[in-house]
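Chemist: Fold the stuff below for me.
(one chain, ligands or ions: 1)
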Amino acid sequence: MAVTTSVTDPQTDFKINAMGTFNTLEAARASGNNPSFIYSSTNKVYGGMEDVETVELDSRYDYANLPEGCAENQALDFHSPYGCSKGCGDQYVRDYSRIYGLPTTVFRQSCIYGLRQFGVEDQGWVAWFVIAAITGHPITIYGNGKQVRDILFVEDLLDAYDAALSNPGKAAGQIFNVGGGRSNTISIWTEFAPILEKLLGRDIPVAWGDWRPGDQPVFISDIRKAKNVLNWSPKVSAQEGIQRLFSWVKENRTLF
Ligand SMILES: NC(=O)c1ccc[n+]([C@@H]2O[C@H](COP(=O)([O-])OP(=O)(O)OC[C@H]3O[C@@H](n4cnc5c(N)ncnc54)[C@H](O)[C@@H]3O)[C@@H](O)[C@H]2O)c1
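Modeler: Okay, the predicted model is just below:
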């Protein structure tokens, strides 16, 4: 589930994400029970979104013309083996609803974070920065740190899954972008560092590296479809979620 590892070992990535998803769909179909099927897709299926104009502000990037963020009808553009394997699963899951009538739902997730997340440099950046800051691991920021993401606390993601499972009539065959939305956006370092440094009570030294391939300068999910269809919206603010994650890592320092 990391872009970086998918580049070094694309076959394993394909076997797990694409083939694994396909096998799971086939098992669901063969069961004869018509089970609900939820797929954890990713905003990476939209690729670098080079056709979408962005602006560089003091502490962050933003979209020039997408005030609500990126909607589900944004063109697909699989970039990286991870993007391809997840995008493959995304389309198969959707199609099994059309072709076989399986009640499937695709959630294109933005950055998910929360307690008990063992984030590493390659994946789970919110948790990784918190863990590294508390344990004193060196941190490298790839790019200029102004990349923007809408972050979603894992409990809110589970609420979205529950909303789909309890409303199969509305959720079957649907694709939803889920993330923190515009009100829970943060730039990965220029805006995140001050919050983290305040919680930690000291400055956090970092090294700087080149941009990662395919890294979006900004990704913000337009979550209006999930709000309208599933009556779902995030409840945990970025500020509260980061504080809760920070406290959990601090209390469980010996695990890292
Ligand atoms: N965390 C995010 O921000 C985020 C965002 C978008 C999409 N996703 C998707 O959510 C899913 C879960 O990711 P996560 O961030 O919770 O990662 P995670 O590492 O916490 O969980 C991955 C899980 O997959 C299991 N797994 C790995 N290989 C397997 C295999 N061959 N067979 C069976 N199980 C296997 C692991 O044991 C682990 O429990 C992934 O499909 C990922 O693409 C995550």
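Chemist: my guess is residue 151 is in a helix, correct?
Modeler: No - assessed with DSSP: H, G, I helix; E, B strand; the rest coil, residue 151 is strand; it does not lie in a helix.
Chemist: beta partners of it?
Modeler: Here residue 151 sits in beta bridges with residue 111, going by DSSP bridges.
Chemist: Enumerate every residue touching it.
Modeler: 110-113, 126, 179-180, 184-186, 238, 241 (C-beta atoms under 8 Å, 6 or more residues apart in numbering). The way it works is simple: take the backbone N, C-alpha and C, and place the C-beta from them, glycine included.
Chemist: Check which element follows the lowest-mean-pLDDT helix or strand in the chain along the chain.
Modeler: Of the helices and strands making up the chain, the lowest-confidence element is helix 3-8, at a mean of 92, by mean pLDDT, DSSP states H and E. Once the chain leaves helix 3-8, the next helix or strand it forms, by DSSP states H and E, is helix 10-13.
Chemist: ok, and what's touching that next one?
Modeler: Around helix 10-13, the neighbours that count as contacts under C-beta under 8 Å, 6+ apart are 5-6, 81-82, 85.
Chemist: Please work out how many residues are found near residue 116.
Modeler: 11 (other C-beta atoms under 10 Å).
Chemist: Leaving out sequence neighbours, find the closest residue to it.
Modeler: With C-beta to C-beta, 6 or more residues apart in numbering as the criterion, residue 116 has its nearest non-adjacent residue at 7.4 Å, and that residue is residue 248.
Chemist: In which helix or strand does the one you found reside?
Modeler: Assessed by DSSP H and E, residue 248 sits inside helix 238-251.
Chemist: what's the answer for residue 207, then?
Modeler: Secondary structure assignment for residue 207, by DSSP H and E: strand 206-209.
Chemist: how about the strands in this protein?
Modeler: Secondary structure of the chain (DSSP state E): strands at 37-42, 54-56, 61-63, 104-109, 111-113, 139-142, 148-153, 174-178, 185-187, 206-209, 218-219.
Chemist: Let me have those strands in CSV, adding mean pLDDT and distance to the ligand as columns.
Modeler: Below are the strands of the chain laid out as CSV (pLDDT from 0 to 100; distance: least, C-beta to the nearest ligand atom, whole Å):
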stretch, mean pLDDT, distance to the ligand
strand 37-42, 98, 4
strand 54-56, 98, 21
strand 61-63, 98, 19
strand 104-109, 98, 4
strand 111-113, 97, 4
strand 139-142, 97, 17
strand 148-153, 98, 8
strand 174-178, 98, 9
strand 185-187, 98, 14
strand 206-209, 98, 21
strand 218-219, 97, 11
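Chemist: Brilliant, that's me finished.
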